[in-house]
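Asks: Sequence isn't available, so here's the structure alone:
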(Lines give C-alpha, C1' and ligand atoms only; values in the text may rest on other atoms or scores of the structure.)
Protein backbone atom coordinates (compact mmCIF):
# COMPACT_ATOMS: atom_id res chain seq x y z
CA UNK A 1 0.00 0.00 0.00
CA UNK A 2 1.27 3.45 -0.81
CA UNK A 3 2.37 5.36 2.29
CA UNK A 4 0.74 8.68 3.12
CA UNK A 5 3.38 11.37 3.45
CA UNK A 6 2.53 14.18 5.84
CA UNK A 7 3.79 17.59 4.83
CA UNK A 8 5.36 19.30 7.82
CA UNK A 9 8.43 21.00 9.07
CA UNK A 10 11.47 18.82 8.42
CA UNK A 11 14.33 18.90 10.94
CA UNK A 12 17.94 17.97 9.97
CA UNK A 13 18.09 14.44 8.62
CA UNK A 14 19.27 11.73 11.02
CA UNK A 15 20.61 8.40 9.81
CA UNK A 16 18.50 5.53 11.16
CA UNK A 17 18.00 1.83 10.51
CA UNK A 18 14.57 0.19 10.80
CA UNK A 19 13.95 -3.56 10.85
CA UNK A 20 10.48 -4.61 9.68
CA UNK A 21 8.24 -5.82 12.52
CA UNK A 22 4.58 -6.55 13.17
CA UNK A 23 2.30 -9.06 11.45
CA UNK A 24 0.76 -8.32 8.01
CA UNK A 25 -2.69 -9.12 9.42
CA UNK A 26 -2.45 -6.47 12.17
CA UNK A 27 -1.10 -3.90 9.72
CA UNK A 28 -4.01 -4.53 7.31
CA UNK A 29 -6.52 -4.24 10.16
CA UNK A 30 -4.95 -0.97 11.40
CA UNK A 31 -4.86 0.49 7.89
CA UNK A 32 -8.56 -0.39 7.40
CA UNK A 33 -9.42 1.46 10.62
CA UNK A 34 -7.33 4.41 9.51
CA UNK A 35 -9.28 4.56 6.25
CA UNK A 36 -12.50 4.70 8.22
CA UNK A 37 -11.12 7.42 10.48
CA UNK A 38 -9.88 9.52 7.56
CA UNK A 39 -13.16 9.21 5.58
CA UNK A 40 -15.52 9.44 8.55
CA UNK A 41 -17.05 5.99 7.95
CA UNK A 42 -18.74 4.42 11.03
CA UNK A 43 -17.82 7.43 13.20
CA UNK A 44 -20.40 9.33 15.21
CA UNK A 45 -20.12 12.42 17.41
CA UNK A 46 -19.75 10.44 20.64
CA UNK A 47 -16.80 8.47 19.29
CA UNK A 48 -15.01 11.64 18.17
CA UNK A 49 -15.46 13.22 21.57
CA UNK A 50 -14.14 10.04 23.19
CA UNK A 51 -10.84 10.61 21.39
CA UNK A 52 -10.41 14.16 22.68
CA UNK A 53 -9.00 15.55 25.90
CA UNK A 54 -8.92 19.14 27.14
CA UNK A 55 -6.25 20.46 29.50
CA UNK A 56 -6.58 23.52 31.69
CA UNK A 57 -3.77 26.06 31.98
CA UNK A 58 -2.63 24.43 35.22
CA UNK A 59 -2.55 20.98 33.63
CA UNK A 60 -0.66 22.33 30.63
CA UNK A 61 2.00 23.77 32.92
CA UNK A 62 2.41 20.40 34.65
CA UNK A 63 2.41 18.39 31.43
CA UNK A 64 5.50 20.09 29.90
CA UNK A 65 4.33 19.18 26.41
CA UNK A 66 6.50 19.55 23.33
CA UNK A 67 5.28 19.76 19.75
CA UNK A 68 6.70 18.82 16.37
CA UNK A 69 5.92 17.23 13.03
CA UNK A 70 6.59 13.92 11.33
CA UNK A 71 10.28 13.89 10.44
CA UNK A 72 12.02 12.55 7.36
CA UNK A 73 14.66 10.02 8.41
CA UNK A 74 17.04 7.65 6.70
CA UNK A 75 16.39 3.93 6.48
CA UNK A 76 19.22 1.92 4.99
CA UNK A 77 21.46 -1.07 5.00
CA UNK A 78 24.33 -0.71 7.43
CA UNK A 79 27.57 -2.19 8.66
CA UNK A 80 28.14 -2.73 12.38
CA UNK A 81 31.63 -1.67 13.49
CA UNK A 82 33.47 -0.77 16.66
CA UNK A 83 36.52 1.27 17.55
CA UNK A 84 37.73 4.11 19.73
CA UNK A 85 37.71 7.88 20.01
CA UNK A 86 41.10 9.19 18.94
CA UNK A 87 42.98 12.31 17.92
CA UNK A 88 45.14 13.12 14.88
CA UNK A 89 48.92 13.07 15.52
CA UNK A 90 49.18 16.86 15.33
CA UNK A 91 46.79 17.14 18.29
CA UNK A 92 48.99 15.10 20.62
CA UNK A 93 52.29 16.42 22.01
CA UNK A 94 54.95 14.78 24.17
CA UNK A 95 56.96 17.43 26.02
CA UNK A 96 60.57 16.76 27.04
CA UNK A 97 63.45 18.82 28.42
CA UNK A 98 65.51 20.49 25.65
CA UNK A 99 68.64 19.67 27.71
CA UNK A 100 69.30 17.65 30.83
CA UNK A 101 68.69 19.62 33.99
CA UNK A 102 67.27 19.74 37.49
CA UNK A 103 63.62 20.71 37.86
CA UNK A 104 63.49 24.03 39.67
CA UNK A 105 59.71 24.43 39.49
CA UNK A 106 56.96 22.23 38.03
CA UNK A 107 53.66 23.93 37.22
CA UNK A 108 50.17 22.52 36.55
CA UNK A 109 48.58 19.13 37.11
CA UNK A 110 46.95 16.42 35.00
CA UNK A 111 43.65 17.77 33.66
CA UNK A 112 44.79 21.40 33.52
CA UNK A 113 44.23 23.25 30.24
CA UNK A 114 47.18 25.29 28.99
CA UNK A 115 47.76 27.50 25.97
CA UNK A 116 50.64 27.22 23.54
CA UNK A 117 53.77 28.84 25.01
CA UNK A 118 52.75 28.43 28.65
CA UNK A 119 55.72 27.64 30.96
CA UNK A 120 55.09 24.10 32.24
CA UNK A 121 58.32 23.81 34.23
CA UNK A 122 61.72 25.49 34.71
CA UNK A 123 65.06 23.67 34.72
CA UNK A 124 68.54 24.74 35.84
CA UNK A 125 72.03 23.41 35.21
CA UNK A 126 75.58 24.71 34.96
CA UNK A 127 75.82 23.42 31.38
CA UNK A 128 73.39 26.14 30.35
CA UNK A 129 75.86 28.76 31.56
CA UNK A 130 78.77 27.09 29.78
CA UNK A 131 76.88 27.08 26.48
CA UNK A 132 76.07 30.79 26.76
CA UNK A 133 79.68 31.53 27.73
CA UNK A 134 80.94 29.72 24.64
CA UNK A 135 78.55 31.69 22.46
CA UNK A 136 79.86 34.97 23.91
CA UNK A 137 83.48 33.88 23.30
CA UNK A 138 82.73 32.94 19.69
CA UNK A 139 81.04 36.21 18.78
CA UNK A 140 83.82 38.15 20.57
CA UNK A 141 86.61 36.25 18.76
CA UNK A 142 84.84 36.35 15.41
CA UNK A 143 85.76 40.01 14.88
CA UNK A 144 89.49 39.23 15.23
CA UNK A 145 89.26 36.13 12.98
CA UNK A 146 87.47 38.11 10.31
CA UNK A 147 90.11 40.84 10.39
CA UNK A 148 92.93 38.25 10.18
CA UNK A 149 91.20 36.53 7.29
CA UNK A 150 90.94 39.83 5.34
CA UNK A 151 94.61 40.65 6.05
CA UNK A 152 95.83 37.25 4.86
CA UNK A 153 93.65 37.56 1.82
CA UNK A 154 95.37 40.80 0.79
CA UNK A 155 98.84 39.38 1.41
CA UNK A 156 97.96 36.28 -0.59
CA UNK A 157 96.85 38.37 -3.56
CA UNK A 158 100.15 40.31 -3.39
CA UNK A 159 102.11 37.04 -3.11
CA UNK A 160 103.79 38.29 0.08
CA UNK A 161 103.02 35.33 2.42
CA UNK A 162 102.69 31.66 1.75
CA UNK A 163 99.39 30.22 0.54
CA UNK A 164 99.17 28.07 3.68
CA UNK A 165 98.77 31.04 6.07
CA UNK A 166 95.87 32.40 4.05
CA UNK A 167 94.15 29.00 4.02
CA UNK A 168 94.54 28.63 7.80
CA UNK A 169 93.08 32.10 8.44
CA UNK A 170 90.14 31.35 6.13
CA UNK A 171 89.48 28.00 7.80
CA UNK A 172 89.56 29.50 11.30
CA UNK A 173 87.15 32.27 10.28
CA UNK A 174 84.69 29.91 8.54
CA UNK A 175 84.82 27.48 11.48
CA UNK A 176 83.98 30.28 13.91
CA UNK A 177 81.00 31.33 11.75
CA UNK A 178 79.72 27.74 11.69
CA UNK A 179 80.16 27.37 15.44
CA UNK A 180 78.32 30.63 16.08
CA UNK A 181 75.37 29.41 13.96
CA UNK A 182 75.28 26.08 15.79
CA UNK A 183 75.41 27.69 19.23
CA UNK A 184 72.71 30.17 18.21
CA UNK A 185 70.40 27.30 17.18
CA UNK A 186 71.08 25.45 20.44
CA UNK A 187 70.25 28.52 22.49
CA UNK A 188 67.04 29.07 20.53
CA UNK A 189 66.09 25.40 21.01
CA UNK A 190 66.58 25.83 24.77
CA UNK A 191 64.38 28.91 24.73
CA UNK A 192 67.24 31.34 25.36
CA UNK A 193 67.51 34.50 23.26
CA UNK A 194 70.93 34.70 21.50
CA UNK A 195 70.51 38.45 21.21
CA UNK A 196 70.02 38.72 24.96
CA UNK A 197 73.15 36.61 25.57
CA UNK A 198 75.09 38.82 23.15
CA UNK A 199 74.19 41.77 25.37
CA UNK A 200 75.75 39.93 28.33
CA UNK A 201 72.60 38.43 29.91
CA UNK A 202 73.41 34.89 31.08
CA UNK A 203 70.95 32.65 32.94
CA UNK A 204 71.23 29.23 34.57
CA UNK A 205 67.49 28.59 34.13
CA UNK A 206 65.52 27.53 31.05
CA UNK A 207 61.76 27.08 30.55
CA UNK A 208 59.84 24.04 29.28
CA UNK A 209 56.89 25.43 27.31
CA UNK A 210 53.65 23.95 25.95
CA UNK A 211 53.99 23.37 22.17
CA UNK A 212 50.20 23.34 21.58
CA UNK A 213 46.95 24.37 23.24
CA UNK A 214 45.53 21.43 25.16
CA UNK A 215 44.92 19.45 28.31
CA UNK A 216 47.70 17.84 30.34
CA UNK A 217 47.08 14.08 30.27
CA UNK A 218 50.38 12.79 31.69
CA UNK A 219 52.95 14.24 34.09
CA UNK A 220 56.33 12.72 34.99
CA UNK A 221 58.08 15.56 36.78
CA UNK A 222 58.41 17.12 40.25
CA UNK A 223 60.57 19.74 41.92
CA UNK A 224 64.19 18.67 42.36
CA UNK A 225 64.01 15.71 39.99
CA UNK A 226 66.60 15.33 37.22
CA UNK A 227 65.00 15.67 33.81
CA UNK A 228 66.70 13.96 30.90
CA UNK A 229 66.13 15.16 27.36
CA UNK A 230 65.10 11.68 26.18
CA UNK A 231 62.37 11.33 28.83
CA UNK A 232 58.80 12.62 28.47
CA UNK A 233 57.85 15.18 31.13
CA UNK A 234 54.30 16.02 30.00
CA UNK A 235 51.74 14.85 27.48
CA UNK A 236 49.26 17.35 26.01
CA UNK A 237 46.22 16.68 23.87
CA UNK A 238 44.07 19.14 21.93
CA UNK A 239 40.53 17.70 21.91
CA UNK A 240 39.11 20.13 19.33
CA UNK A 241 39.29 17.57 16.51
CA UNK A 242 38.32 14.27 18.10
CA UNK A 243 37.62 11.57 15.50
CA UNK A 244 36.72 7.89 15.22
CA UNK A 245 39.14 5.07 14.50
CA UNK A 246 36.88 2.19 13.47
CA UNK A 247 37.58 -1.44 12.60
CA UNK A 248 35.72 -2.83 9.57
CA UNK A 249 35.73 -6.59 9.10
CA UNK A 250 36.94 -8.24 5.92
CA UNK A 251 33.48 -9.25 4.65
CA UNK A 252 32.22 -5.65 4.90
CA UNK A 253 35.18 -3.82 3.32
CA UNK A 254 33.60 -3.47 -0.13
CA UNK A 255 30.46 -1.87 1.34
CA UNK A 256 32.30 1.06 2.98
CA UNK A 257 33.34 4.20 1.11
CA UNK A 258 34.28 7.81 1.82
CA UNK A 259 31.37 10.15 2.54
CA UNK A 260 28.93 7.57 3.92
CA UNK A 261 26.96 8.74 6.99
CA UNK A 262 27.46 6.98 10.29
CA UNK A 263 25.99 7.02 13.77
CA UNK A 264 27.70 5.93 16.95
CA UNK A 265 27.39 5.80 20.69
CA UNK A 266 29.92 5.77 23.53
CA UNK A 267 28.62 3.13 26.00
CA UNK A 268 30.63 4.49 28.93
CA UNK A 269 28.91 7.89 28.67
CA UNK A 270 25.32 6.70 28.07
CA UNK A 271 23.08 5.67 25.18
CA UNK A 272 23.00 8.97 23.30
CA UNK A 273 23.60 8.65 19.55
CA UNK A 274 25.97 10.93 17.66
CA UNK A 275 26.42 11.50 13.94
CA UNK A 276 29.40 11.61 11.61
CA UNK A 277 30.72 10.43 8.26
CA UNK A 278 33.44 8.24 6.79
CA UNK A 279 36.44 10.44 5.99
CA UNK A 280 39.19 7.94 5.11
CA UNK A 281 39.26 4.22 4.38
CA UNK A 282 42.50 2.47 5.21
CA UNK A 283 44.56 0.65 2.57
CA UNK A 284 46.30 -1.72 4.97
CA UNK A 285 44.72 -5.02 6.05
CA UNK A 286 45.26 -6.34 9.58
CA UNK A 287 45.68 -10.07 8.99
CA UNK A 288 45.49 -10.87 12.71
CA UNK A 289 42.12 -9.18 13.38
CA UNK A 290 40.85 -9.46 9.77
CA UNK A 291 39.97 -5.76 9.69
CA UNK A 292 40.85 -2.48 8.01
CA UNK A 293 40.93 0.93 9.69
CA UNK A 294 38.29 3.53 8.85
CA UNK A 295 38.70 7.14 9.94
CA UNK A 296 35.42 8.91 10.78
CA UNK A 297 34.73 12.60 11.34
CA UNK A 298 32.30 13.60 14.11
CA UNK A 299 29.57 16.23 13.72
CA UNK A 300 29.89 18.97 16.34
CA UNK A 301 32.16 19.26 19.37
CA UNK A 302 31.59 17.15 22.48
CA UNK A 303 33.66 18.23 25.48
CA UNK A 304 32.97 15.04 27.46
CA UNK A 305 34.59 12.82 24.83
CA UNK A 306 37.90 11.31 25.94
CA UNK A 307 40.60 9.85 23.79
CA UNK A 308 40.62 6.06 23.88
CA UNK A 309 36.94 5.52 24.84
CA UNK A 310 35.30 2.52 23.17
CA UNK A 311 32.57 3.25 20.60
CA UNK A 312 29.94 1.19 18.76
CA UNK A 313 28.97 2.50 15.33
CA UNK A 314 26.85 1.87 12.25
CA UNK A 315 28.04 2.90 8.80
CA UNK A 316 25.06 3.42 6.47
CA UNK A 317 25.28 2.22 2.89
CA UNK A 318 22.08 3.64 1.29
CA UNK A 319 19.76 6.62 1.71
CA UNK A 320 16.10 5.56 1.36
CA UNK A 321 13.84 7.80 3.49
CA UNK A 322 10.87 7.06 5.78
CA UNK A 323 8.56 9.05 8.05
CA UNK A 324 9.10 8.78 11.83
CA UNK A 325 8.34 10.34 15.21
CA UNK A 326 10.05 10.15 18.62
CA UNK A 327 8.93 7.11 20.60
CA UNK A 328 7.52 9.43 23.29
CA UNK A 329 4.94 10.66 20.76
CA UNK A 330 3.30 7.21 20.50
CA UNK A 331 0.85 5.67 23.00
CA UNK A 332 -0.43 2.11 22.86
CA UNK A 333 -3.86 0.78 23.76
CA UNK A 334 -5.22 -2.69 23.05
CA UNK A 335 -2.52 -3.36 20.45
CA UNK A 336 -3.13 -0.12 18.55
CA UNK A 337 -0.89 2.94 18.28
CA UNK A 338 -1.98 6.55 18.63
CA UNK A 339 -0.63 10.10 18.52
CA UNK A 340 -2.12 13.33 19.91
CA UNK A 341 -2.62 16.43 17.80
CA UNK A 342 -3.35 19.88 19.16
CA UNK A 343 -6.66 21.15 17.77
CA UNK A 344 -7.92 24.67 17.19
CA UNK A 345 -10.96 24.03 19.37
CA UNK A 346 -10.56 26.24 22.43
CA UNK A 347 -13.16 27.93 24.59
CA UNK A 348 -12.75 31.26 22.89
CA UNK A 349 -14.85 33.46 25.16
CA UNK A 350 -16.77 33.49 28.42
CA UNK A 351 -20.15 33.49 26.68
CA UNK A 352 -19.46 30.15 25.00
CA UNK A 353 -18.43 28.79 28.38
CA UNK A 354 -21.66 29.98 29.96
CA UNK A 355 -23.76 28.28 27.27
CA UNK A 356 -21.92 25.01 27.80
CA UNK A 357 -22.31 25.25 31.60
CA UNK A 358 -26.08 25.03 31.27
CA UNK A 359 -25.83 21.49 29.96
CA UNK A 360 -23.24 20.19 32.41
CA UNK A 361 -23.99 17.56 35.04
CA UNK A 362 -23.27 18.34 38.68
CA UNK A 363 -20.04 16.31 38.54
CA UNK A 364 -18.89 18.21 35.41
CA UNK A 365 -19.71 21.55 37.03
CA UNK A 366 -17.46 20.64 39.96
CA UNK A 367 -14.66 19.79 37.56
CA UNK A 368 -14.98 23.05 35.63
CA UNK A 369 -15.10 25.03 38.85
CA UNK A 370 -11.50 24.00 39.53
CA UNK A 371 -10.22 24.73 36.04
CA UNK A 372 -8.26 27.94 35.34
CA UNK A 373 -8.28 29.54 31.90
CA UNK A 374 -9.90 28.17 28.78
CA UNK A 375 -7.50 25.27 28.12
CA UNK A 376 -6.51 23.51 24.91
CA UNK A 377 -8.07 20.46 23.27
CA UNK A 378 -6.05 17.54 21.89
CA UNK A 379 -7.34 14.83 19.57
CA UNK A 380 -6.11 11.25 19.60
CA UNK A 381 -5.38 9.86 16.11
CA UNK A 382 -4.54 6.27 15.22
CA UNK A 383 -1.35 5.48 13.28
CA UNK A 384 0.31 2.38 11.88
CA UNK A 385 3.87 2.09 13.16
CA UNK A 386 6.96 0.24 12.01
CA UNK A 387 10.12 -0.63 13.88
CA UNK A 388 12.00 1.38 16.49
CA UNK A 389 15.59 2.57 16.45
CA UNK A 390 17.63 5.21 18.24
CA UNK A 391 14.61 6.70 20.03
CA UNK A 392 12.42 7.01 16.89
CA UNK A 393 9.59 4.86 15.55
CA UNK A 394 8.57 4.56 11.92
CA UNK A 395 5.13 5.95 10.96
CA UNK A 396 3.90 3.76 8.11
CA UNK A 397 0.42 5.28 7.85
CA UNK A 398 -1.59 7.99 9.58
CA UNK A 399 -5.09 9.38 9.17
CA UNK A 400 -5.27 12.64 7.25
CA UNK A 401 -4.21 15.62 9.34
CA UNK A 402 -3.47 19.25 8.55
CA UNK A 403 -0.04 20.09 7.15
CA UNK A 404 0.38 22.59 9.98
CA UNK A 405 -0.83 20.22 12.69
CA UNK A 406 1.14 20.30 15.93
CA UNK A 407 1.87 16.75 17.01
CA UNK A 408 2.65 16.14 20.69
CA UNK A 409 6.21 14.71 20.69
CA UNK A 410 6.63 14.74 24.47
CA UNK A 411 3.90 14.20 27.06
CA UNK A 412 1.60 11.96 25.03
CA UNK A 413 1.16 9.52 27.92
CA UNK A 414 0.10 12.40 30.18
CA UNK A 415 -2.66 13.26 27.68
CA UNK A 416 -3.58 9.58 27.41
CA UNK A 417 -3.97 9.22 31.19
CA UNK A 418 -6.05 12.42 31.39
CA UNK A 419 -8.25 11.19 28.56
CA UNK A 420 -8.82 7.88 30.39
CA UNK A 421 -9.76 9.80 33.55
CA UNK A 422 -12.26 11.80 31.54
CA UNK A 423 -13.76 8.66 30.03
CA UNK A 424 -14.14 7.16 33.51
CA UNK A 425 -15.76 10.32 34.86
CA UNK A 426 -18.16 10.63 31.94
CA UNK A 427 -18.85 6.89 31.66
CA UNK A 428 -17.53 6.64 28.09
CA UNK A 429 -16.55 3.14 27.00
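Replies: That came through fine. Source: prediction; values computed, not measured.
Asks: can you pull the contacts of the closest residue to residue 149 other than its chain neighbours?
Replies: Distances taken as CB to CB, 6 or more residues apart in numbering place residue 173 nearest to residue 149, at 4.0 Å, with adjacent residues excluded. Heads up, the C-betas are built off the backbone N, CA and C, glycines and all. Contacts here follow CB atoms under 8 Å, 6 or more residues apart in numbering; on that basis residue 173 touches 142, 145, 146, 148, 149.
Asks: so where is this protein shaky, pLDDT-wise?
Replies: 1-50, 73-77, 158, 160-161, 319-321, 344-374, 387, 389-390, 422-429 (pLDDT under 70).
Asks: can you map out the strands along the stretch 201-350 of the chain?
Replies: 205-209, 214-219, 226-227, 232-237, 243-249, 261-265, 273-286, 291-298, 310-316, 320-326, 331-333, 336-342 (DSSP state E, counting those that start in this stretch).
Asks: Out of those strands, the one nearest residue 420 is which?
Replies: Proximity to residue 420 (CB to CB) singles out strand 331-333 among the strands of the stretch 201-350 of the chain, at 8.9 Å.
Asks: and the closest one, which residues are buried?
Replies: residue 331 (16 or more other CB atoms under 10 Å).
Asks: Give me the helices and strands touching it, please.
Replies: Packed against strand 331-333 by the contact rule (3 or more CB pairs under 8 Å, 6 or more residues apart in numbering; DSSP states H and E) you find strand 336-342, helix 412-425.
Asks: Sheet partners, orientation included, of that strand?
Replies: strand 336-342 (antiparallel) (DSSP bridges).
Asks: Show me what counts as buried in the strand it pairs with.
Replies: Buried, per 16+ other CB under 10 Å, within strand 336-342: 337, 338, 339, 340, 341, 342.
Asks: coming back round to it: looking at the strands of the stretch 201-350 of the chain, spot the one closest to residue 104.
Replies: Residue 104 sits nearest to strand 205-209 of all the strands of the stretch 201-350 of the chain, at 6.1 Å, using CB to CB.
Asks: Residues touching that closest one, excluding its own?
Replies: So strand 205-209 is contacted by 95, 97-99, 101, 104, 117-124, 128, 190-192, 227, 233-234 (CB under 8 Å, 6+ apart).
Asks: go again using 7 Å as the cut-off
Replies: Identification of contacts with strand 205-209 by CB atoms under 7 Å, 6 or more residues apart in numbering yields 95, 97-98, 101, 104, 117-124, 128, 190-192, 233.
Asks: Tell me which of those residues fall in helices.
Replies: 128, 190 (DSSP state H).
Asks: What subset of the contacts of strand 205-209 is buried?
Replies: Looks like the contacts of strand 205-209 have 95, 97-98, 101, 104, 118, 120-124, 128, 190, 192, 233 buried, using 16+ other CB under 10 Å.
Asks: And the contacts of residue 173, which is closest to residue 89?
Replies: residue 142 (40.9 Å).
Asks: I'd like the strands of the stretch 201-350 of the chain as a markdown table, with distance to residue 410 appended.
Replies: Putting those into a markdown table (distance: least, CB to CB, whole Å) gives the following:
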| stretch | distance to residue 410 |
| --- | --- |
| strand 205-209 | 51 |
| strand 214-219 | 36 |
| strand 226-227 | 57 |
| strand 232-237 | 38 |
| strand 243-249 | 30 |
| strand 261-265 | 21 |
| strand 273-286 | 18 |
| strand 291-298 | 27 |
| strand 310-316 | 25 |
| strand 320-326 | 7 |
| strand 331-333 | 12 |
| strand 336-342 | 11 |
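Asks: Need the contact partners of stretch 141-154.
Replies: 161, 165, 166, 169, 170, 172, 173, 176, 180.
Asks: what's the answer for stretch 223-235, then?
Replies: 94-103, 105-106, 120-121, 123, 208, 216-221.
Asks: if we can go back for a sec, tabulate the contacts of residue 173 (TSV), appending neighbour count, distance to residue 402 and secondary structure.
Replies: Putting these into TSV (neighbours: other CB atoms under 10 Å; distance: CB to CB, whole Å; DSSP: H, G, I helix; E, B strand; the rest coil) gives the following:
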residue	neighbour count	distance to residue 402	secondary structure
142	15	89	helix
145	19	94	helix
146	15	92	helix
148	16	99	helix
149	18	95	helix
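Asks: can I see the domain layout of the chain?
Replies: Domain segmentation of the chain under automatic domain parsing yields 15-76+321-425, 91-237, 242-317.
Asks: For residue 83, find the nearest of those.
Replies: So among the domains of the chain, domain 242-317 is nearest, using CB to CB, at 3.7 Å.
Asks: tell me how far the closest one is from the chain's mean position?
Replies: Put simply, domain 242-317 sits 13 Å off its chain's centre (CA atoms, centre = their mean, to the nearest Å).
Asks: now the end-to-end length of that domain.
Replies: 23 Å (CA to CA, to the nearest Å).
Asks: follow-up on the earlier one: what is the nearest of the buried ones among the contacts of strand 205-209 to residue 64?
Replies: Distances from residue 64 to those, taken by CB to CB, are shortest for residue 118, at 45.5 Å.
Asks: any idea how far the closest one is from residue 95?
Replies: Separation of residue 118 from residue 95 (CB to CB, to the nearest Å): 11 Å.
Asks: who touches both of these two?
Replies: The contact sets of residue 118 and residue 95 overlap at residue 210 (CB under 7 Å, 6+ apart).
Asks: quick revisit: the domains of the chain into a markdown table, with extra columns for distance to residue 82?
Replies: As requested, the domains of the chain are exported to a markdown table (distance: least, CB to CB, whole Å):
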| stretch | distance to residue 82 |
| --- | --- |
| domain 15-76+321-425 | 16 |
| domain 91-237 | 22 |
| domain 242-317 | 5 |
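Asks: With residue 85 as the reference, name the closest of those.
Replies: domain 242-317 (4.8 Å).
Asks: end-to-end on stretch 70-85?
Replies: 33 Å.
Asks: Out of the strands of the stretch 201-350 of the chain, the one nearest residue 156 is which?
Replies: strand 205-209 (44.0 Å).
Asks: List the strands paired with the closest one, with their directions.
Replies: strand 119-124 (antiparallel).
Asks: And the strands in the stretch 51-200 of the chain, which stretches?
Replies: Taking DSSP E, counting those that start in this stretch as the criterion, the stretch 51-200 of the chain carries its strands at 52-55, 66-68, 71-75, 78-86, 92-96, 101-106, 113-114, 119-124.
Asks: Please identify which of those strands is closest to residue 261.
Replies: The nearest among the strands of the stretch 51-200 of the chain, by CB to CB, is strand 71-75 at 7.1 Å.
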